[in-house]
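Student: I would like the atomic coordinates for the input below:
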Amino acid sequence: MGFLTGAYLKMTTARMRLQLQHELTSIMSQMNRVTKQIGQAEKMLAAQQRNGDMMLRQQTMQSVFGGANFAGFDPSNPTSLTGVDAQKLQGFSVLQQEANYRYANAQSVWANYFDMVKEAQLEPLKALEENLAVRKANIESRLNLLKGQEEAAQNMEKSSQQDFVPQYTGGQ
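Tutor: Numbers count the residues shown, from 1 in each chain. Just a heads-up that it's a prediction; the model follows:
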């Protein structure tokens, strides 16, 4: 009876192992897709953030250059400061400080916005990736348990095979 039980257990554990391996392959495929999606989303968001920062810098520079032109000089050419009205120069200095202050505030708002966007877009993907990792670990653990069950079933089958061997010595 042990032979049949061992053979049956061996067959069912092999079937379960194949099912778990198939499920593990599916999970690994899903994990690869999710990891790729996370990478693509991070690249896209980083590019958008760089573009936004560059746009802010350009707007600040345009504001500063516009104020310099209004004051009557070219900020990229130091010799153009000669003959500029001191009051206009002081007004330009105030404008430049204000532009830098607005740039710092806008940069802070922009960074907060991108943190929220990253969290909204990446958190679901990262949660899915974590869920898949837990499922993968669970299946790997179950596969290890099945390996032990297969060995036990094989040993049961082998030990019971001795019952089927005829004794030619006459029972002595």
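
Student: Can you dump the C-alpha atoms of stretch 4-13 in PDB for me?
Tutor: C-alpha atoms of stretch 4-13 as PDB (Å, rounded to 0.1, in the frame of the first residue of the first chain):
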ATOM      1  CA  LEU A   4       0.800   3.200  -4.300                       C
ATOM      2  CA  THR A   5       0.600   6.000  -1.700                       C
ATOM      3  CA  GLY A   6       4.200   7.100  -2.500                       C
ATOM      4  CA  ALA A   7       3.500   7.000  -6.200                       C
ATOM      5  CA  TYR A   8       0.300   9.000  -5.900                       C
ATOM      6  CA  LEU A   9       2.000  11.600  -3.600                       C
ATOM      7  CA  LYS A  10       4.900  11.800  -6.000                       C
ATOM      8  CA  MET A  11       2.500  12.400  -8.900                       C
ATOM      9  CA  THR A  12       0.400  15.100  -7.100                       C
ATOM     10  CA  THR A  13       3.500  17.000  -5.900                       C
END
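
Student: Can you point out the buried residues in that stretch?
Tutor: By 16 or more other C-beta atoms under 10 Å, the buried positions in stretch 4-13 come out as G6, L9, K10, T13. Where you see a C-beta, it was placed from the backbone N, CA and C, and this is true even at glycine.

Student: Export those to TSV and append columns for distance to A104 and secondary structure.
Tutor: Below are the buried residues of stretch 4-13 laid out as TSV (distance: C-beta to C-beta, whole Å; DSSP: H, G, I helix; E, B strand; the rest coil):
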residue	distance to A104	secondary structure
G6	75	helix
L9	71	helix
K10	71	helix
T13	65	helix
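
Student: And those residues, which two are furthest apart?
Tutor: Longest distance between any two of those is 10.6 Å, between G6 and T13; criterion C-beta to C-beta.

Student: other SSEs contacting the helix or strand where Q90 lies?
Tutor: Under the criterion of DSSP states H and E, Q90 resides in helix 86-161. Helices and strands touching helix 86-161, by 3 or more C-beta pairs under 8 Å, 6 or more residues apart in numbering; DSSP states H and E, are helix 2-71.

Student: just the angle between the helix it packs on and helix 86-161, please?
Tutor: Going by axes from the mean of the first three to the mean of the last three C-alpha atoms, to 10 degrees, helix 2-71 is angled at 170 degrees with respect to helix 86-161.

Student: That'll do, ta.
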